[in-house]
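# Just a sequence and a predicted model for now, questions to come.
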Amino acid sequence: MNENEQPETPEAPNAPESASNGSPENPSEPGGSTEDFAAQAAAWNASQAEPRIQDPAPAEPLQPQQPIDPQAFAQTVAQPGGQAAPPQTDPAYQQPVAPIAAPAPQAEPYAGAPGGSGQPPAKRGMPAWAWWVIGGGVLLLALIVTGAVLLFSAMSGGGAKGAADGYVSALAEGDIDRANELARVLDGDKRQAVLLSEAWAESNRATDFTIDKFQARNDAGTAQVSYLLDGSKLTDYIELARDGDGWYVSRGLTYSLPKIYFSDLDGYRIPGYDGIVGGDYDLEAYPGVYEMLTASALFELAEPVSFEVGSASMFVSVDPEFVPSEAYFASVNEQVKAHVDDCLAAATDAADVYGLSSCGLSDYYPSKLYNVTSFSVTVDEYPTVAQRSGGLSGLEIDEAGSAAITVKGKEFSGKSGTEKISATFKYLYFSTTVKGDEVSVNFY
């Protein structure tokens, strides 16, 4: 190396390494002259004297490094064999150097974070109680959702379907009380009086009630129901409604009982119901086959009558034939007898013999006497009445009866005499009026 060339300033950590790379034949060549080594040592000391950035939290303060003696450093580099000797320092400057504490560990950024290594942070195990809390929350949420679904179902189609199922099941089981409860049958409603009676239980009631179709929306619903009535399958609909008290059957499987038109009767009866079917309003009944009874003991049916009440009953006409009963005729004949007795008892004047027709007698005129002074009548047999024959309505004299009339007066010869006459009751004219179980005979 020329003396005019400027030696490169070696970096401080590589200074010993430079000394070890020299040639053994010319130990002064690699590093230059002794003055050069002295200059390098002075540069190294200057670099070490500059303030160093310390760890933010060292365990102990760093001790300052001792300055390198330039002469000792030059001798170390220049030793034969290229073996670097440890630098010699002035004993006055030698002080123990405290070890540099390792910096505190810092958390490595997670993957994807700035400066991160891409490795995820170590996972920590979840405590057991946390799993119980999570499981309890999930179960509670499931219960809330289920309750909301059930509530929504009960407030919409579910409640309506339950009311429909309960109503139809009650009818299938013959539980009239339960059916009336679901349909809100009122005790004070005359139209529903038959529904609250034992009439349906006494009838040949419908069976096999089944819901075929159902739909509900908002506060209304309908259900198609089929059932068997007297061997025939019938189909009808029920309607449901909802108010503040819940779902109920607003229109059930009830039908109007047929009316009859008979002048002497207000209506008819059915077994299990104490009232009369008729009047100014229709009575409702559950589907079944009902037997017709008379509403008065004074009449009876010419032949037994039964009728169906169901979805097809509107097309069935009922035209029963009522005829007076034995009780009716007993009452009428008793009144006829009383009328005859009263009429004859009132005929006290001799001239009244010519007015005995008002008592129903015929052929009562004397043929041998012209001047009647007195008379008497003895009824041998009272007349009886019966239903007109030939299908005609009304009554007629069935047995005319008879009476013996004794007349006293003058004969055509001028002598006093007595004549006996046999008369019959042919001229009884009357009408009857029935009110309930009473019949009144009106004579004219």
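It's in.
# Could you confirm A164 falls within a helix?
Yes - applying DSSP: H, G, I helix; E, B strand; the rest coil, one finds A164 inside a helix.
# So it is in contact with Y237, correct?
No - with contacts counted by Cβ atoms under 8 Å, A164 stays clear of Y237, the gap being 10.6 Å. Placement of C-beta: from N, CA and C, glycine included.
# Give me the more crowded residue out of these two.
A count of neighbours by other Cβ atoms under 10 Å puts A164 above the other of A164 and Y237, at 23 against 13.
# OK, contacts around the more buried one?
I211, F214, G221, A223, I238, L240, V249 (Cβ atoms under 8 Å, 6 or more residues apart in numbering).
# Try it again at 7 Å.
I211, F214, A223, I238, L240 (Cβ atoms under 7 Å, 6 or more residues apart in numbering).
# Is the last one part of a helix or strand, or is it coil?
At L240, secondary structure determined by three-state DSSP is strand.
# what about the helices in this protein?
Taking DSSP state H as the criterion, the chain contains helices spanning 15-20, 28-31, 34-49, 70-77, 128-155, 157-173, 176-182, 199-202, 326-346.
# on that earlier part again, overlap in contacts, A164 and Y237.
A223.
# circling back: so which of the contacts of A164 comes closest to L428?
I238 (58.2 Å; Cβ to Cβ).
# per-residue confidence at that closest one?
You'll see I238 listed with a pLDDT of 96.
# Where does the prediction get shaky in the stretch 251-400 of the chain?
Within the stretch 251-400 of the chain, the ranges that satisfy pLDDT under 70 run 313-316, 389-393.
# neighbours of Y286, just the number please.
Residues lying near Y286 (other Cβ under 10 Å) number 23.
# and the closest residue to it other than its chain neighbours, what does it touch?
Once flanking residues are discounted, Y286 sits nearest to W200: 4.5 Å by Cβ to Cβ, 6 or more residues apart in numbering. Neighbouring residues of W200 by Cβ under 7 Å, 6+ apart: I176, A285, Y286, G288.
# which of these lies closest to V336?
Of all the contacts of W200, A285 has the smallest distance to V336: 40.7 Å, by Cβ to Cβ.
# Could you check how far the closest one is from G267?
Look at A285 and G267: by Cβ to Cβ, to the nearest Å, they are 14 Å apart.
# Tell me if I'm right that R205 and G288 touch.
Yes - using Cβ atoms under 7 Å, R205 is in contact with G288, at 4.0 Å.
# now the contacts of W200 as TSV including distance to F375?
Conversion of the contacts of W200 to TSV gives the following (distance: Cβ to Cβ, whole Å):
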residue	distance to F375
I176	69
A285	63
Y286	68
G288	65
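# Just name the closest of the residues you listed to V377, please.
Comparing the contacts of W200 against V377 with Cβ to Cβ places A285 closest, at 56.3 Å.
# I'd like the distance between that closest one and D175.
As defined by Cβ to Cβ, A285 lies at a distance of 16 Å from D175.
# Please apply the same query to Y370.
As for Y370, its distance to D175 is 85 Å (criterion: Cβ to Cβ).
# now do K259
Plainly put, K259 is 29 Å away from D175 if you go by Cβ to Cβ.
# Same check on R184?
Separation of R184 from D175 (Cβ to Cβ): 16 Å.
# follow-up on the earlier one: neighbour count: A285 and G267, which is higher?
Looking at A285 and G267 with other Cβ under 10 Å, you find the greater number of neighbours at A285, namely 26 against 18.
# so who does that one touch?
Residues near A285 by Cβ under 7 Å, 6+ apart: V194, L195, A199, W200, T254, Y255, L257, V309.
# just curious, which of those is nearest to G360?
For these, the closest approach to G360 (Cβ to Cβ) belongs to L257, at 43.0 Å.
# By neighbours, which of the contacts of A164 wins?
The most neighbours of any of the contacts of A164, using other Cβ under 10 Å, belong to L240, which has 27 neighbours.
# Let me know whether that one touches A163 as I believe.
Yes - using Cβ under 7 Å, L240 is in contact with A163, at 5.6 Å.
# joint contacts of the two?
What both L240 and A163 touch, as defined by Cβ under 7 Å, 6+ apart, is the set W247, Y248, V249.
# Using CSV, list the CA coordinates for stretch 359-378.
Backbone C-alpha positions of stretch 359-378 (Å, rounded to 0.1, in the frame of the first residue of the first chain) are rendered in CSV as follows:
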residue,chain,number,x,y,z
CYS,A,359,-181.6,-29.5,20.7
GLY,A,360,-180.7,-31.6,17.6
LEU,A,361,-183.9,-33.6,17.5
SER,A,362,-185.8,-34.6,14.3
ASP,A,363,-189.2,-36.2,13.7
TYR,A,364,-190.5,-34.7,16.9
TYR,A,365,-193.9,-33.3,15.7
PRO,A,366,-197.1,-34.9,17.1
SER,A,367,-199.3,-36.3,14.5
LYS,A,368,-202.5,-36.9,16.5
LEU,A,369,-202.7,-33.9,18.7
TYR,A,370,-203.1,-30.4,17.6
ASN,A,371,-203.3,-28.6,20.9
VAL,A,372,-200.3,-29.5,23.0
THR,A,373,-200.6,-28.7,26.6
SER,A,374,-197.3,-30.3,27.8
PHE,A,375,-194.6,-32.6,26.8
SER,A,376,-191.5,-34.5,28.2
VAL,A,377,-188.4,-35.8,26.6
THR,A,378,-186.4,-38.8,27.7
